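Peer 1: Generate coordinates for the sequence data below:
(chains A, B, C and D)
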Number of protein chains: 4
Amino acid sequence: MENISIRTDLAVEAREMVQEETKKEVPGVAVNVEQQGDIKITRVKIEKEVGQKIMGKPIGNYITLEIPQIREKGEKFKEDLAQELAKELNTMVHKKVNKDATTLVVGLGNWNITPDSLGPKVISKLMVTRHLLENIPDMVDQELTPVCAISPGVLGITGIETSEIVKGIVEKIKPNLVIAIDALASRRAERVNTTIQMTDSGINPGSGVGNKRKALNKDSLGIPVIAIGIPTVVDATTLANDTIDLMLDAMIKEATQGKEFYNMLKEINREEKHMLIRQILHPYVGDLMVTPKEVDLIIDDISLVVANGINIALHPGIGLEDVNRYIN
Amino acid sequence: MENISIRTDLAVEAREMVQEETKKEVPGVAVNVEQQGDIKITRVKIEKEVGQKIMGKPIGNYITLEIPQIREKGEKFKEDLAQELAKELNTMVHKKVNKDATTLVVGLGNWNITPDSLGPKVISKLMVTRHLLENIPDMVDQELTPVCAISPGVLGITGIETSEIVKGIVEKIKPNLVIAIDALASRRAERVNTTIQMTDSGINPGSGVGNKRKALNKDSLGIPVIAIGIPTVVDATTLANDTIDLMLDAMIKEATQGKEFYNMLKEINREEKHMLIRQILHPYVGDLMVTPKEVDLIIDDISLVVANGINIALHPGIGLEDVNRYIN
Amino acid sequence: MENISIRTDLAVEAREMVQEETKKEVPGVAVNVEQQGDIKITRVKIEKEVGQKIMGKPIGNYITLEIPQIREKGEKFKEDLAQELAKELNTMVHKKVNKDATTLVVGLGNWNITPDSLGPKVISKLMVTRHLLENIPDMVDQELTPVCAISPGVLGITGIETSEIVKGIVEKIKPNLVIAIDALASRRAERVNTTIQMTDSGINPGSGVGNKRKALNKDSLGIPVIAIGIPTVVDATTLANDTIDLMLDAMIKEATQGKEFYNMLKEINREEKHMLIRQILHPYVGDLMVTPKEVDLIIDDISLVVANGINIALHPGIGLEDVNRYIN
Amino acid sequence: MENISIRTDLAVEAREMVQEETKKEVPGVAVNVEQQGDIKITRVKIEKEVGQKIMGKPIGNYITLEIPQIREKGEKFKEDLAQELAKELNTMVHKKVNKDATTLVVGLGNWNITPDSLGPKVISKLMVTRHLLENIPDMVDQELTPVCAISPGVLGITGIETSEIVKGIVEKIKPNLVIAIDALASRRAERVNTTIQMTDSGINPGSGVGNKRKALNKDSLGIPVIAIGIPTVVDATTLANDTIDLMLDAMIKEATQGKEFYNMLKEINREEKHMLIRQILHPYVGDLMVTPKEVDLIIDDISLVVANGINIALHPGIGLEDVNRYIN
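Peer 2: Have a look, this model is predicted:
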């Protein structure tokens, strides 16, 4: 994969990139696409070593909900989306653990950097019930399952690898399942805040907006880990790179007749492209990000969708109108 | 102790209460008072079982800095106060651990409730260095010592006892010392945000503005725990109770001659007082707090003093003007 | 009125205080009480000079919605409450202006002091439409009426009397109606965040949590002013005062037989009470406030109720589910 | 000017763009460059109609402070920078008004969108004195001059043109000078948060990160208006455009020998470039922005520099260490 270094956290994007190059489906990968009203659901299953290697992502299930028009939708739609997310998540959860499992929800990311604050924002809107079921079981609904939650911060804030914090807590309180929420980077502006990915392969090195090294998955924690991610930024390097690619494509199309020109264009190789990008973004290379202007408001909105998706999936007996009684 | 149920987290207040009752120094307790410019430093040492029992606080050192006029002071004074705090803290720390010890600073409290957000606010202004010393030792000052930090939230937010989270992390990363920051409740409005207490006895049940049960001390964590606390609220029950006491005192003074009256006043006992207070504060008993109006701004200010006190104490080689390069 | 200096912004409290003293209905004041499910609606009409003088409030209509159990209610109830508020507000508005009037909503108070931030919080959740109707009339619903909004800050933040800012804007953009939102002080803890008052007499000197001198009413602005207020604090002076009064009442009850004692108690006059209160609250007199611990969360909740009440009242053709499309 | 539609709020950038094209100094424009330690000061004076037309900016003085390494500097440097800013600002101010003039500082921008919140952030750190000098003149320093301040919000929040709000207030309180603070857009990533521009030409249509139409200048307000701006974003369209330009430049350099190729490249005209950019950024065209990841923290820092620059410039008798006593 020539493009392997171009950053994507989304299985659907990795697949697209492979397909653009090879013009065929990725071997070892099964894909199923479904349209549910305004929501496009893509289920990518990386089944074999070969798929894992080509996709640059571990074996596992990757379910993506895409809603390009999410910003124009009203409140009602956000409830429908939370319900749809809950349905997919509920299925994924109950393949891994039984009904009364204790879940630890981990909100990854830096609350001081808006597009990286998705995880902590979701935690703040979550129904946390473990302490109620332990301390006052008679005063809470019977249908509740034990949920606890933590926003561990990032290395620069704590001085501790996030994975160490999570492992320490998991070993102490012994939940049956971890659900980790993370802000992702996308290659495409149009996916920012319009795509939700969930996967049972957990969080793996190199993912995410910030620097959240070290895996959170079944290997590292000893229990199943489901990761839910939403692209909240395009990084500026990707944007500049894609600009150049699109432009070269456009020029190559017009240049079919002229041989000299065509060869010239072909020679614009990766090294030159990266040198150009470095010039453009200098001195901020790697630190610039591209976000919608109203990112603060969007993160508020989408974090509520994710929180409610989890709330409904983990407490199927509780209606959305009762959720608020359990928040805070 | 008749007043034992009246809530105070401050050793100086516990001592005052005992003295008011008994009119003499508390047995098993050594006290030393020093005035440093505008800062009054009181060092209370609870030395024996008898002192522990009477004071309602574990054996240990309790150092209190009182600065009644802190709000009228300029920026310069806050630096002096941070320096003074650092001096006391440095001494306390280095009786417990050696110079290159790793410290975990724990910011207790609920970031959503302003007067309880002192701990998390201090964490946000702390020099966190452990990851730098591990990952890029050549790029940081030689004088730095490893510091890491966590704001674990509160039971209602996480569903996990704070002490469990801290224990999990301590067992995983094995620091040599914990410094825990907490917002306290005072009996007296004049102490709110003007008093800093530090103690090597750690955090013990029942302390704090919010509900942070379970101890954080050498017994529970296996390493020394220094607690730094600042009263940020008076609870409304205490305020109402003190109002009644002051009033009865005033009336008793005027009533010396009249026997019937004097006896009447003596009969106003604790039960009646509490019944009155319940009437006044109903239906909010126990949940109301009394704070200065500008509590948000005060917490911002005082948390910087505490953070810088810790920064200087733990990294004696680093000047205050360099601190900011290591924050965030 | 002996108690006139005791601070209350609520007509229902002023009336109670008069009634306690005089044991009869206030002359020049008409009162109507209605129970709507869990909402108690009290309509106080100060009709005459005599009523105005006794009540310490200008002639006008004062409608109060009381919901003591608001904290235990779910989301659905908050919608019902917004609907009920909208009904009362709509009636009050349309006695003053016609259907296509332009409304300026003013969010009074200091956004840095949580219990005083109600006004600015309401503004942040309001449907603002004036610019859409002016600039892109074809792209918005026909049923919308022009609404604009401002949070002018407080004197300590701007250096300008709030009333001057509002007058300047009113003279420039010439709305037909002002709705002013303000956080109030109550005498009773139980009314904090459970009572909504609206009045067509506007905002008058001395009201409010912060210092928002100078009136905002028809006299000062030249257009009708409806004020919506919610008590978000009890001030500490009031709490201490009420504690003393309750205690004296309790003692007087028990003291009927003893003449000397009774006379003694009667002699505890206002001066002595205030001296006591000053002692208790010193050095924070006048600056301490009593709030529920979770005041940040409560203000968030209740400001949404008020915002939606206004949204529905001013745009009767728009359903609550469409409101969000117009926010921000 | 072919590039006239490419957005820049900075006079130094406009000048660069003209110079790149024409290879000479802009007629009707005088330029003076000075290096003060780490601060590069460029004074651009647009003197004549011809300069105004070519630069796309009104006649006036434009002073730019550039500090490329600002992020690596410590706290001390930020004080030096505030002092330098104050010196330039003081000179500009006192060419316009006399020493005891009343200044209204206007913080433009949307506080909900971090990179656009510079103006309101500066206001929150400003010494506001007008009300003190009016109400308690004996209690404040003699050297203070009357300063008031407002953050009027943006059209989408208020439904009112910002210029109307400011005009209404100016007409009501009659200050002698307006200083307006605004977040700008730059063409170059390296200028983001490293460049401060101040100008006596005020705020003119089309400037700014958000949509703040209508001028704030001497013509519209009747009093002098000084604008202080800092680029906090590069817009994504500019970034994509610059990427393409740089790439074409690189290709043209290598293509000097090949005639066909050279002509081809020359034919890549503006229409095609814009079509490409639209494809890349779709569906977010015009709404995406490029910012450093830690934009929240940077805005906090730089707003303090600007606030202190203004504080020192307007109150030359007050030291920086006294400033904090007057804030909030």
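Peer 1: which residues in chain A form strands?
Peer 2: For chain A, the strands defined by DSSP state E cover A:29-36, A:39-46, A:60-66, A:103-107, A:147-150, A:177-186, A:195-199, A:225-235, A:288-292.
Peer 1: Could you check the longest one and say which residues are buried?
Peer 2: Think strand A:225-235. A:225, A:226, A:227, A:228, A:229, A:230, A:231, A:232, A:233, A:234, A:235 (16 or more other C-beta atoms under 10 Å in any protein chain shown). To be clear about C-beta, it is placed using only N, CA and C from the backbone, and glycine gets the same treatment.
Peer 1: Least confident of those residues?
Peer 2: Lowest pLDDT within the buried residues of strand A:225-235 is found at residue A:235 (72).
Peer 1: now the residue in the stretch 101-250 of chain A that chain C sits nearest to: how far from residue C:297?
Peer 2: Closest approach between the stretch 101-250 of chain A and chain C, counting by C-beta to the nearest C-beta: residue A:124, at 10.6 Å. To residue C:297, residue A:124 is 11 Å away according to C-beta to C-beta, to the nearest Å.
Peer 1: So between those two, which is more surrounded?
Peer 2: Set side by side, residue A:124 and residue C:297 show more neighbours around residue A:124, with 19 against 16, by other C-beta atoms under 10 Å in any protein chain shown.
Peer 1: mind listing what the more buried one touches?
Peer 2: A:303, A:307, B:112, B:157 (C-beta atoms under 8 Å, 6 or more residues apart in numbering or on different chains).
Peer 1: okay, who's weakest in these by pLDDT?
Peer 2: Confidence-wise, residue B:112 trails the rest of these, at 88.
Peer 1: Backbone dihedrals for that residue, please?
Peer 2: Here is the backbone geometry of residue B:112 (degrees, to the nearest 10): phi -90, psi -10.
Peer 1: export the contacts of residue A:124 to CSV and tack on neighbour count and distance to residue A:75?
Peer 2: Formatted as CSV, the contacts of residue A:124 follow (neighbours: other C-beta atoms under 10 Å in any protein chain shown; distance: C-beta to C-beta, whole Å):
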residue, neighbour count, distance to residue A:75
A:303, 24, 15
A:307, 24, 15
B:112, 20, 24
B:157, 24, 26
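Peer 1: now those residues as CSV including distance to chain D?
Peer 2: Formatted as CSV, these follow (distance: C-beta to the nearest C-beta, whole Å):
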residue, distance to chain D
A:303, 15
A:307, 20
B:112, 19
B:157, 22
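Peer 1: now the helices for chain A?
Peer 2: A:11-22, A:49-55, A:75-96, A:118-124, A:130-135, A:155-158, A:162-173, A:218-221, A:236-254, A:259-267, A:270-281, A:295-314, A:320-323 (DSSP state H).
Peer 1: Quick check: which of the ones you listed is buried the most?
Peer 2: helix A:118-124 (a mean of 26; mean count of other C-beta atoms under 10 Å in any protein chain shown).
Peer 1: Rounded mean pLDDT for that helix, please.
Peer 2: On average, helix A:118-124 scores 96.
Peer 1: again with stretch A:308-328
Peer 2: 79.
Peer 1: For it, list the C-alpha coordinates in CSV.
Peer 2: Extracted in CSV, the C-alpha atoms of stretch A:308-328 (Å, rounded to 0.1, in the frame of the first residue of the first chain):
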residue,chain,number,x,y,z
ASN,A,308,-27.8,8.1,24.2
GLY,A,309,-26.9,5.2,21.9
ILE,A,310,-24.9,3.7,24.7
ASN,A,311,-27.6,4.4,27.3
ILE,A,312,-30.2,2.6,25.3
ALA,A,313,-28.0,-0.2,24.2
LEU,A,314,-26.9,-1.0,27.8
HIS,A,315,-30.2,-0.5,29.5
PRO,A,316,-32.7,-1.8,27.0
GLY,A,317,-35.5,-1.6,29.6
ILE,A,318,-35.2,2.2,30.0
GLY,A,319,-36.9,4.7,27.7
LEU,A,320,-35.0,7.7,26.4
GLU,A,321,-37.3,10.0,28.5
ASP,A,322,-36.1,8.4,31.7
VAL,A,323,-32.4,8.6,30.9
ASN,A,324,-32.1,12.1,32.2
ARG,A,325,-33.1,11.1,35.7
TYR,A,326,-29.9,9.1,35.8
ILE,A,327,-27.5,11.6,34.5
ASN,A,328,-25.2,13.5,36.8
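Peer 1: Need the contact partners of that stretch.
Peer 2: A:79, A:81-87, A:89-90, A:93, A:103, A:105, A:122, A:125-129, A:132, A:141-145, A:147, A:179, A:228, B:112, B:156-157, C:74-76, C:294, C:297.
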